[in-house]
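Enquirer: Fold the stuff below for me.
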Amino acid sequence: MCPRPETAPPPTGLRFGELASLRRRDVDTANAALMVRRSQAETQTGALFDKAPKPDAGVRPVAFPTELLPDVERHLADFAGAGRDGHVFLGPQGGRLRRSNFREDWLKALRKAKITTDVHFHDLRHTGNTLAASGASLRELMTRMGHSTPRAALIYQHMVNGRDREIADRLGSMIRKTRGDADA
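Expert: This next block holds a predicted model:
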């Protein structure tokens with residue numbers, strides 16, 4: 001089964017192909033993390049296969065909020081394929097997830113959430129990585145996203161609402177410490 005809106009992928013910023021190729025053995029519930037080892041691709045004839053993620057940096061662990069662990073465990077119990085090699089996300093008839101068979105479920109989820117603007121699945125990656133950029137170093141963001149160069153990660157380093165104030169307040173705290181203020 002495709003993920004229901006309430007059991008959608010945790011906010012990890014993974015690419016569609018990385019999510020589609022996740023297996024049960026890639027989900028570490030003890031540490032609330034996913035291990036990205038492969039990415040699903042599709043040939044022009046429609047055959048699906050797994051390949052190494054885009055750059056070498058694509059093989060990586062990606063943590064998700066522990067608050068979502070019950071949802072992840074419920075998804076594994078109710079929707080994932082059987083066994084250690086069972087796919088975490090399946091298509092509508094229980095086969096491998098494809099972009100083409102996911103599209104209708106995605107549009108249905110958007111309607112259910114009353115989202116009327118043109119939102120693509122990849123926008124979740126952008127949103128997740130923008131939120132992750134809040135407080136993350138460039139290297140940390142690159143690792144989380146599976147980027148081997150800073151160029152792509154810098155896209156997500158733009159200002160997030162309120163971050164300018166947080167940065168200024170942190171600088172102010174450093175100034176108070178340097179001056180020896182007692183309340184630093």
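
Enquirer: CA only for contacts and neighbour counts going forward, please
Expert: Fine.

Enquirer: In the helix or strand that contains residue 107, which residues are buried?
Expert: Applying DSSP states H and E as the criterion places residue 107 in helix 99-112. Across helix 99-112, burial judged by 16 or more other Cα atoms under 10 Å covers 99, 102, 105-107, 109-110.

Enquirer: What is the subsequent helix or strand relative to that helix?
Expert: Following helix 99-112 toward the C-terminus (DSSP H and E): helix 122-133.

Enquirer: now that next one, how far from the centre of its chain.
Expert: 8 Å (Cα atoms, centre = their mean, to the nearest Å).

Enquirer: Take that helix, keep the C-alpha atoms, and write them as PDB.
Expert: Coordinates of each C-alpha in helix 122-133 appear next as PDB, following Å, rounded to 0.1, in the frame of the first residue of the first chain:
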ATOM      1  CA  HIS A 122      10.000  17.100  -4.200                       C
ATOM      2  CA  ASP A 123       8.900  20.200  -2.400                       C
ATOM      3  CA  LEU A 124       8.800  18.100   0.800                       C
ATOM      4  CA  ARG A 125      12.600  17.600   0.300                       C
ATOM      5  CA  HIS A 126      13.100  21.400  -0.100                       C
ATOM      6  CA  THR A 127      10.900  22.200   3.000                       C
ATOM      7  CA  GLY A 128      12.500  19.500   5.100                       C
ATOM      8  CA  ASN A 129      16.000  20.700   4.200                       C
ATOM      9  CA  THR A 130      15.100  24.300   4.800                       C
ATOM     10  CA  LEU A 131      13.900  23.500   8.200                       C
ATOM     11  CA  ALA A 132      17.000  21.400   8.900                       C
ATOM     12  CA  ALA A 133      19.200  24.300   7.800                       C
END
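
Enquirer: Which neighbouring elements make contact with it?
Expert: Other helices and strands packing on helix 122-133, by 3 or more Cα pairs under 8 Å, 6 or more residues apart in numbering; DSSP states H and E, are helix 138-145.
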